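Participant: Got a predicted structure plus its sequence, pasted below:
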Amino acid sequence: MKPRLYFEYKRARLLSYDKLPRIFNFELFTFNSKGDPMTDTTITVLLAEDEPSLPGLDSLSDHARVREVRTPDALRAALPDTQVLVVTDFRTDLLEEVWPDNCPVRWVHATSAGVDALMIDPIKHSDIVVTNARGIFDRGIAEYVLGALLMFAKDTLGNLALKEQHRWQHRETRMLRGADALIVGAGSIGREVATVLGAMGMNVIGTARHARQDSAFDRVHRQQDLPALLGDADYVVITAPLTPDTDGLFDAATFRQMKPGAALVNVGRGPIVRTDALLQALQRGRLAGAALDVFEAEPLPADHPLWNHPKVMISAHMAGDFIGWRQALGQQFVDNFHRWRRGQPLDNPVSKEHGYVTNR
């Protein structure tokens, strides 16, 4: 049986075959061999040059054309007939470089929590929907933060240094129970971190755009209150996204406001912390240590002094990357794509004004 074609005006309900779902963005309807609706939708996946394919998207072959691009020229050629754009390279600057006039893209999905690379003017000031990978990395990052705080409390870096020296040196270490943690960024990731740290008996407060009561925290304060909160925190954990308000938030003045002997963990975005100011605070003994998963410049240059600092742990922007994370990202997009086809609200819509999901 030949596929039957159904046409509709954009954003209008189909007037025939009333069992079909409402489709907002597609103009051409066909049916596959299973009787399911198909469209002429093209999904373009922007990957870094050395990045493998996003798993699971082959399952969409009956519903859309999926193609991968990795270079400026390939992206430039693909965008004029792309309806859905998936961006896996969260550091890319290619969108601003090649975005065409009258681009047909209706939905941009980031396989990351941060979307700052997507906030170019033609996207930000349009009705293009932006979604992100909120929820995928929460638990992995929370466990990373717990491990970092245990590392500081139990002086694991000191143990490793003494092991290298073949030195047996008895010491007392701290307890996490009863310690004070301040989480800068009380969003999805911050809430999961707070839940895990709270289970350890820590006192956990957070900051967000607005103050609120939140069961994961003892209290969530306004971001403007951060300077007054820093002096009481034994551990400061950054989980905030990169926005104009958070860019450079932790500079020399902020480090001076922190409690002497406090430790810093950054699993948010690198530019939130001014690296030179952090290094100076560490060298002067203002901070007990830092666990850093993100940096202003990535990868961190091989000759940077942070590599050799005895109180610093460095990881390669991998705090949330658990075994199977790429499969989880692919499935999240596939599920959301099916919601889009059915005309249902998408999961994780990003507020383009704020740069993160605000609907929870």
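Facilitator: Now that the structure is in, tell me what you want to look at. Predicted, not measured: the structure shown is a model, and the values here were computed from it.

Participant: When you work out contacts or count neighbours from here on, use the C-alpha atoms and nothing else.
Facilitator: Will do.

Participant: tell me the SS of residue 45?
Facilitator: Residue 45 falls in the strand class when you classify it by DSSP: H, G, I helix; E, B strand; the rest coil.

Participant: pLDDT at it, what is it?
Facilitator: Each residue has a pLDDT score; the one for residue 45 is 98.

Participant: tell me, what residue is most central in this structure?
Facilitator: Nearest to the mean C-alpha position of the chain, counting by Cα atoms, centre = their mean, stands residue 113 at 1.9 Å.

Participant: Am I right that it sits in a strand?
Facilitator: No: using three-state DSSP, the assignment for residue 113 is coil, not a strand.

Participant: all strands of the stretch 251-360 of the chain, in order?
Facilitator: 262-266, 287-292, 312-314, 350-351, 356-357 (DSSP state E, counting those that start in this stretch).

Participant: between those, which one is nearest to residue 199?
Facilitator: strand 262-266 (18.5 Å; Cα to Cα).

Participant: Report all helices and strands that the closest one contacts.
Facilitator: With contacts taken as 3 or more Cα pairs under 8 Å, 6 or more residues apart in numbering; DSSP states H and E, strand 262-266 sits against helix 138-153, strand 235-238, strand 287-292.

Participant: Residues in contact with stretch 317-331: which ones?
Facilitator: 54-57, 111, 133, 136-141, 144, 267, 293-294 (Cα atoms under 8 Å, 6 or more residues apart in numbering).

Participant: Quick one: mean pLDDT for it?
Facilitator: Stretch 317-331 carries an average pLDDT of 98.

Participant: what do you get for stretch 236-244?
Facilitator: Across stretch 236-244, pLDDT averages out at 96.

Participant: Excluding chain neighbours, what is closest to residue 248?
Facilitator: Nearest residue to residue 248, sequence neighbours excluded (Cα to Cα, 6 or more residues apart in numbering): residue 272, at 4.6 Å.

Participant: I should have written residue 197 there, sorry.
Facilitator: Closest to residue 197 by Cα to Cα, 6+ apart is residue 146, at 6.7 Å.

Participant: give the contact list for the one you found.
Facilitator: 193, 196-197.

Participant: From residue 200, how far out is it?
Facilitator: 9 Å (Cα to Cα, to the nearest Å).

Participant: Ok, residue 76 next?
Facilitator: Counting by Cα to Cα, the separation of residue 76 from residue 200 is 50 Å.
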